[in-house]
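>>> Model the structure of this input:
(one chain, ligands or ions: 1)
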Amino acid sequence: MTRGLFISFEGIDGAGKSSHIDGLAALFRDQGRHVTLTREPGGTPLSEKLRALVLHDPMHPLTEALLMFAARQEHIVQVIDPALTRGDVVLCDRFTDATFAYQGGGRGFDWQVLETLEHMVQMRTDLIDKSLLQPDLTVWFDLPPAVAAERLVQARIPDKFEAQPIAFFENVRNGYARRCAQNPARFVQINANQSREGVWLEVESAVMSLLALPNKTGHTP
Ligand code: TMP
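Purely as a prediction, here's the structure:
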């Protein structure tokens, strides 16, 4: 059986990822693919408990980074790896790039320490070259933090990250830009500062080129 497809979705809070992730899930299911829809931090019972802690409890930046990777370790072993082995399409709402963007960019935490943790958690020991588990495609919903902040005003009660000032999200956005520049083959930067339809067309086009399929499946999220 061929290994599945791993797609992650990134962006600052308020970037509007959710409806497009749901739209892609429907698109893949219509093609007869089995879809595993999941998120970080979270995706397993233990990782969801860790999510509740990191999103609401104040803590040292190293503790925050370690908990993100602890949740990820469980998520990879329990959910992502088995799904990819089954041949599923794994659609993951945030993955390691979020740690580089939020803990590295936003909090200013040491980038190299994050790279060390990334190697510990994502090293594929089953492969001879010991490459890292990374998404096949990372869709980055990029928009100015001031626009995202306006969208978040109408949203639910903010968590620890959503309550941060715009300057924090400028740094998170810079963190994403740095990861994008370091991984140009994997990243697709989407202009999220446009109509939902316009965003969808860009998302669909990115995924179709990954699959080498023609555009315009007729889906909208
Ligand atoms: P969500 O609300 O989009 O599910 O994301 C949860 C929050 O956690 C969001 O504000 C981003 C943050 N986060 C990090 O700070 N580091 C990480 O590694 C991940 C995955 C999320």
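
>>> who's in contact with residue 54?
By C-beta atoms under 8 Å, 6 or more residues apart in numbering, the contact set of residue 54 is 41, 64, 67, 68, 71, 160. Using the backbone N, CA and C atoms, a C-beta is placed for each residue, glycine as well.

>>> Then residue 70?
So residue 70 contacts residue 50 (C-beta under 8 Å, 6+ apart).

>>> secondary structure element for it?
helix 61-75 (DSSP states H and E).

>>> Is that helix positioned near the ligand?
Yes. Counting by C-beta under 6 Å from any ligand atom, contacts between helix 61-75 and the ligand involve residue 68.

>>> Show me what secondary structure element comes after that helix.
Helix 61-75 is succeeded, C-terminally, by helix 81-86 (DSSP H and E).

>>> Please name every helix or strand in contact with the next helix or strand after that next one.
On the C-terminal side of helix 81-86, the closest following helix or strand by DSSP H and E is strand 89-93. Contact partners of strand 89-93 among helices and strands, from 3 or more C-beta pairs under 8 Å, 6 or more residues apart in numbering; DSSP states H and E: strand 5-11, helix 18-30, strand 35-39.

>>> mind running it again at 10 Å?
Strand 89-93 is packed against strand 5-11, helix 18-30, strand 35-39, helix 81-86, helix 196-211, with contacts defined by 3 or more C-beta pairs under 10 Å, 6 or more residues apart in numbering; DSSP states H and E.

>>> wait, which of the contacts of residue 54 is closest to residue 206?
Nearest to residue 206 among those, counting by C-beta to C-beta, is residue 41 at 24.4 Å.

>>> Name the residue closest to the centre of the protein, please.
residue 94 (2.0 Å; C-alpha atoms, centre = their mean).

>>> I figured it was touching residue 17, is that so?
Yes. Between residue 94 and residue 17 a contact is recorded at 8.4 Å, counting by C-beta atoms under 10 Å.

>>> shared neighbours of these two, which are they?
Common neighbours of residue 94 and residue 17, counting by C-beta atoms under 10 Å, 6 or more residues apart in numbering, are 9, 10, 11, 39.

>>> before we move on, back to that, including mean neighbour count, distance to the ligand and mean pLDDT, could the helices and strands packed on strand 89-93 go into CSV?
Below are the helices and strands packed on strand 89-93 laid out as CSV (neighbours: other C-beta atoms under 10 Å; distance: least, C-beta to the nearest ligand atom, whole Å; pLDDT from 0 to 100):
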stretch, mean neighbour count, distance to the ligand, mean pLDDT
strand 5-11, 24, 8, 98
helix 18-30, 17, 8, 96
strand 35-39, 18, 5, 98
helix 81-86, 16, 17, 96
helix 196-211, 17, 16, 94
